[in-house]
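Q: Provided below are the primary sequence and the corresponding predicted coordinates.
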Amino acid sequence: MYLQSRTRRWLQALRYANTVHGQGLQMMEYFAAHAHVPGARQISGRDKRVTVLLPMDQIRMTLESQPLVPGSWLSKALSEVTTALDSIDYGDGFIPSIAALSAAIEKAIPVLEKRAIEPDESIDEIVADLERSLFISIVAPLTAHNPILPLVDKWTNEHQRFLQGHVRSDVGHYFDVRTLTSVDEPGPGRIHMQHLVSACDAGMTSFVAGASQQSFEHHPEIQAVVYAQWFAYAFAIWEEQFRGRLAKYWDSKTAEKIRRSDVLVDYFGDIRLIRNDVVHNKGICDESANTAVLRWGFTEGQPIEITAEQMISLMDLFPYVELRTAPNPQPSAGLKSAPGRLDARLLEDVKDRARELGLSDNELNAAAYSLWLKTTAAQSPS
């Protein structure tokens, strides 16, 4: 799963800028060194601006899209880069100024490489990152069919022209996934065009002279697939990345201990219910009949048929207020099995000692884990 991180996006931007900027610096230094040679090209003001146009724009657009919070770790890590960026001299000091920017970028890259997530991210930054990850991911299912539908329509039209006698030969009946073309023979990486036509079918309305209008709607298989993939991805992003980040933030701001399990947001709870049904219940509504925010009229026992309009509404329903509200500690969920395995002899020795002390297995586990938390509390995470 793609890590959602401002640090990572800055690292990507700096690596790109470093490559392009480094080449531009070498070119400028070469021209400057040969400026005295008769007929040599002279560096114009336009040459200077074009040389740094792309790398500087990459940095400036990253700054615009995710502004640095003054005093934050990321702002400090990039301070020399932003200072050098604002100090580009298009006059006689051009080469030294772009060399300074190049040096600042190269200095910042290893600093950013050591951290995946900023250690002092604010609630606004966490929410903005979560919003960005979901909204970008929604683009994929909404547009996934765009390259396929024209291919299917073209094939269907050509096939019908053959059936109607307008052309002598039919188009190939198999779709080559590698080349996105229709071919005559089956083979590896090829599916019958009827499978693709069927997967894209959304129903029809038929008008025939002398007969009544007939129509039916059908939820396209390809739409069901890509939307189901989004719900699985969105739940994983929430569960594996952002829920813990929110818990860590709120735990540092409140007097009571805040755990990941305390961070409850109905919007993502609904995504979990839909995800569970599409993954574990073959797309038939069960848990998703009880959604709290995404009230899309699902009926228990009926197929879940999500529309493009409902996918778009996910952006309007995004829970900005709830995510910025401190969660309340939840009651204990009771006892759970401890994860992991121990060396057989170590486990035998531990159980023998627990029996001597009169401890049950549950008491033993609680004592061991509590002591481990205490002894590691002062250690900094790597």
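A: Arrived safely, thanks for sending.

Q: where along the stretch 251-382 of the chain do the helices fall?
A: With DSSP state H, counting those that start in this stretch as the criterion, the stretch 251-382 of the chain has helices at 266-280, 308-316, 320-323, 344-357, 361-376.

Q: and F135, which of the ones you listed is closest to it?
A: For F135, the closest of the helices of the stretch 251-382 of the chain is helix 308-316, at 5.9 Å, according to C-beta to C-beta. Every residue, glycine included, has its C-beta placed from N, CA and C.

Q: So what's the gap between the closest one and the chain middle?
A: Offset of helix 308-316 from its chain centre (C-alpha atoms, centre = their mean, to the nearest Å): 17 Å.

Q: Select the helix or strand of this structure having the lowest average pLDDT value.
A: Sorting the helices and strands of the chain by mean pLDDT, DSSP states H and E puts strand 203-206 at the bottom, at a mean of 46.

Q: re earlier: if you compare the helices of the stretch 251-382 of the chain, which one is most tucked away?
A: For those, the largest average neighbour count (mean count of other C-beta atoms under 10 Å) is found in helix 266-280, namely a mean of 20.

Q: What is it packed up against?
A: Judged by 3 or more C-beta pairs under 8 Å, 6 or more residues apart in numbering; DSSP states H and E, the packing partners of helix 266-280 are helix 221-237.

Q: Next, the contact list for the nearest residue to H21 once chain neighbours are set aside, please.
A: Leaving aside its chain neighbours, H21 sits nearest to P55 (4.0 Å; criterion: C-beta to C-beta, 6 or more residues apart in numbering). Contacts for P55 (C-beta atoms under 8 Å, 6 or more residues apart in numbering) come out as 16-18, 20-21, 24.

Q: Can you name the two of the residues you listed that sit furthest apart?
A: Taking C-beta to C-beta as the measure, the contacts of P55 span a maximum distance of 12.7 Å, between Y16 and G24.

Q: who's more crowded, those two?
A: Neighbours per residue, other C-beta atoms under 10 Å: of Y16 and G24, the larger number sits with G24, 20 against 15.

Q: ok, the more buried one - contacts?
A: Residues counted as contacts of G24 (C-beta under 8 Å, 6+ apart) are 51-52, 55, 98.

Q: In JSON lines: the helices of the stretch 251-382 of the chain, plus mean pLDDT and distance to S44.
A: Below are those laid out as JSON lines (pLDDT from 0 to 100; distance: least, C-beta to C-beta, whole Å):
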{"stretch": "helix 266-280", "mean pLDDT": "96", "distance to S44": "55"}
{"stretch": "helix 308-316", "mean pLDDT": "94", "distance to S44": "46"}
{"stretch": "helix 320-323", "mean pLDDT": "96", "distance to S44": "49"}
{"stretch": "helix 344-357", "mean pLDDT": "87", "distance to S44": "74"}
{"stretch": "helix 361-376", "mean pLDDT": "88", "distance to S44": "61"}
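
Q: Go through those and name the closest to L134.
A: Each of the helices of the stretch 251-382 of the chain has some distance to L134 by C-beta to C-beta; the shortest is helix 308-316, at 7.2 Å.

Q: On the strand side of things, show who the residue lying closest to E185 once chain neighbours are set aside bridges to.
A: Excluding its sequence neighbours, the residue lying closest to E185 (C-beta to C-beta, 6+ apart) is Y174, at 6.5 Å. Listed by DSSP bridges, the beta-bridge partners for Y174 are V183, H192.

Q: got the residue ranges for the helices in the stretch 101-250 of the chain?
A: According to DSSP H, counting those that start in this stretch, the helices that the stretch 101-250 of the chain contains are 123-143, 148-163, 193-200, 221-237, 243-253.

Q: With P303 as the reference, name the closest of those.
A: helix 221-237 (8.2 Å).

Q: I'd like the average pLDDT over the closest one.
A: Regarding helix 221-237, the rounded mean pLDDT is 91.

Q: can you start the count at 440 instead of 1 from here on
A: Got it, the first residue is 440 from now on, which makes the last one we talked about helix 660-676.

Q: Sort out which residues of it are buried, please.
A: For helix 660-676, burial by neighbour count (16 or more other C-beta atoms under 10 Å) applies to 661-663, 665-667, 669-670, 672-674, 676.

Q: One more: stretch 627-639?
A: 629, 632, 635, 638-639.

Q: closest to T730 among those residues?
A: Taking C-beta to C-beta as the measure, T730 lies nearest A638 of the buried residues of stretch 627-639, at 26.8 Å.

Q: Excluding chain neighbours, what is closest to that closest one?
A: Excluding its sequence neighbours, the residue lying closest to A638 (C-beta to C-beta, 6+ apart) is E660, at 4.2 Å.

Q: Who are the contact partners of that neighbour?
A: Applying C-beta under 8 Å, 6+ apart, we find E660 in contact with 637-640.
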